[in-house]
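> structure of the sequence below:
(one chain, ligands or ions: 1)
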Amino acid sequence: MNLILFGPPGAGKGTQARRLVEERGYVQLSTGDMLRAAKASGSDLGQKVAAIMDAGALVSDAIVNELIEDALDRNVGAPGFIFDGFPRTVAQAEALDALLASRGGAIDIVVRLEVDNDALIARITKRFNEQGRADDNPESFKVRLKAYTDQTAPLVPHYLAQGKMVGIDGMRSMDEVGAAVAAAIAGVPARR
Ligand code: AMP
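Prediction:
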C-alpha cells in the first residue's frame, strides 16, 4: 500500500499517519520529520535547510527526493508506506511516480484532508503555544500556507487525473477522520 496523506499544514496528516503506523504497521515517511531531525543533528544538510524551514518556505526538490529514495531503500518489504508532507510540488510527484515505478509499484491512493483556513490557523496557533515549533509562528505559517496554495495545490489535478484522490472532511474529530481514512483505504482494490 502506497498512500499519500495530502493537505495543508495543520490538516492532521501527521496525526493520521501515526494512527496508521500503530494500527497497520505501515512506515511513515515524513520529509518534515526527516528534515527536522537533520536540523537537530546539526549535519551539513540540517545547516543548509534550517533557515529555509524556519521561514516556512520549501526546500529543494532534489533534497527531499533523495531523502525519500533513501527511506524507501531502507524499508524494503514494509507492508505499506505513508507519504506525509511529500510530494509538495509537481516535480516531486513526478519523481515519486518514477521512483515507485522503478521498484514495480505505484501510488494506490491519495487521501486529501480538507480543513478550512480559519481552522488551520486556530490549530497551528494552539500548536505553536504548546510546542513552540519554530515554523508555526504566525509569520512563517503564512508563508507555509502560501507555499501550499502556490506549489502544492497544483498536485490536485495531477492525482485527480490519475483517479487516485479521495477527499475527506478533516474538520471532524480525530477518530471520525481516522474511520474515513480507513474506509478510503478499504476502497482501494475497487479503484484499481
Ligand atoms: P512539515 O512538517 O511537513 O510541515 O514540513 C516542515 C518544513 O519542512 C516545510 O515547511 C518545508 O520547509 C520543509 N519540507 C518538508 N517536506 C517538504 C517537501 N516535500 N518539499 C519541500 N520542503 C519540505
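> how much space is there between residue 114 and residue 7?
7 Å (CB to CB, to the nearest Å). From N, CA and C alone the C-beta is placed, and that goes for glycine too.
> so the two - more neighbours on which side?
Shown here are residue 114 and residue 7; by other CB atoms under 10 Å, residue 7 has more neighbours (23 against 13).
> overlap in contacts of residue 114 and residue 7?
residue 170 (CB atoms under 8 Å, 6 or more residues apart in numbering).
> pLDDT weak spots in this structure?
Applying pLDDT under 70 to the chain picks out residues 191.
> tell me the residue of it that sits nearest the ligand?
residue 32 (2.2 Å; CB to the nearest ligand atom).
> what about that residue, neighbour count?
The burial count for residue 32: 19, using other CB under 10 Å.
> hmm, it is touching residue 85, no?
Yes - Residue 32 is within contact range of residue 85, at 4.5 Å (criterion: CB atoms under 8 Å).
> could you tell me which residues touch both of the two?
residue 14.
> what does the protein put close to the ligand?
By CB under 6 Å from any ligand atom, the residues of the chain that approach the ligand are 9, 31-32, 35, 52-53, 56-59, 64, 85-86, 88, 92, 135, 144.
> which among those residues end up buried?
Burial of these was assessed by neighbour count (16 or more other CB atoms under 10 Å); the buried members are 9, 31-32, 35, 53, 56-59, 64, 85-86, 88, 92, 135, 144.
> out of these, which one sits closest to residue 150?
Checking these against residue 150 with CB to CB, the nearest one is residue 58 at 9.6 Å.
> find the helix or strand that that closest one is a member of.
Using DSSP states H and E, residue 58 falls within no helix or strand.
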